[in-house]
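*Asks:* Here's my sequence, what's the structure:
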Amino acid sequence: MKIAATHRIVAVASLCAAALIGLVISEGIARENGQEITLPMAAVDPRALLSGHFVQLSFTDRLEPSEVCPESGDWQWVALRPEANVYVAAGGALSREQAERLGPLAVKGTFSCSAPTPAQPGIEAMPGWLALDLGVDRFHINQGDAERIEMVLREQRAGEETRAFAILSVGHDGRARLRALLIDGERFELSWL
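*Replies:* Predicted structure coming up:
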């Protein structure tokens, strides 16, 4: 018995749609059941901030001249630790178990760090930076809110109080998933609809 081409196409399309719906549901469940953390956001290249209807995300922490960079390497996991009301990188590791020895929360990702420059005669000390790459790099939102968020990120200056935060959910699998943005105290939830 031969199945008509139309029926085969409909069956394959239905299977693909069901797989996509299953993926969205499983990611939503993982996002809801993960540990919620907050990371400060920094501005990125202004030309790339608003591209379509999404905000480009950058998780960059300022390192004061008295602070040091965590040990660098080809890490696959980042250890995070709470500091005040946000999480910061404590170090990197090749495995989840090694990362959990460095900090209470292990997340899949990498970081890069530029060490602060100490003061020298005639030269002022310069802060460094630590940039996290956790696989989350953009937040899709309507254009009006995206433009407002872009303005807050551009106005934010080093040394001033942080006004923009990303709220992530770290699942049991160690993956970070974006839940929301917190901009000037207002929470912008990730919505699929």
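*Asks:* and residue 90, what is it in contact with?
*Replies:* Going by C-beta atoms under 8 Å, 6 or more residues apart in numbering, residue 90 touches 70, 79, 80, 81, 102, 103. C-beta coordinates here come from the backbone N, C-alpha and C atoms, glycine included.
*Asks:* For it, identify the helix or strand it belongs to.
*Replies:* Residue 90 belongs to strand 86-93 when elements are defined using DSSP states H and E.
*Asks:* If you count neighbours, what's buried in the next helix or strand after that strand?
*Replies:* Moving toward the C-terminus from strand 86-93, the next helix or strand (DSSP H and E) is helix 96-102. For helix 96-102, burial by neighbour count (16 or more other C-beta atoms under 10 Å) applies to 98, 99, 102.
*Asks:* The residues you listed into TSV, with extra columns for pLDDT and distance to residue 130?
*Replies:* Output for the buried residues of helix 96-102, formatted as TSV (pLDDT from 0 to 100; distance: C-beta to C-beta, whole Å):
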residue	pLDDT	distance to residue 130
98	94	19
99	94	15
102	94	14
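*Asks:* Which one of those is nearest to residue 166?
*Replies:* For those, the residue nearest residue 166 by C-beta to C-beta is residue 99; the value is 20.0 Å.
*Asks:* correct me, but that closest one touches residue 77?
*Replies:* Yes. Judged on C-beta atoms under 8 Å, residue 99 makes contact with residue 77 at a distance of 3.9 Å.
*Asks:* Mind listing what's buried along stretch 113-122?
*Replies:* Using 16+ other C-beta under 10 Å as the test for burial, stretch 113-122 gives 113, 115, 116.
*Asks:* An error on my part: the question was meant for stretch 157-169.
*Replies:* So, applying 16+ other C-beta under 10 Å, buried residues of stretch 157-169: 162, 163, 164, 165, 166, 167, 168, 169.
*Asks:* Would you mind measuring the gap between the ends of that stretch?
*Replies:* Its first and final residues considered, stretch 157-169 spans 26 Å by C-alpha to C-alpha, to the nearest Å.
*Asks:* List the ones among the buried residues of stretch 113-122 that fall in strands.
*Replies:* residue 113 (DSSP state E).
*Asks:* closest to residue 145 among the buried residues of stretch 113-122?
*Replies:* Distance to residue 145 across those (C-beta to C-beta) is lowest for residue 113, with 31.7 Å.
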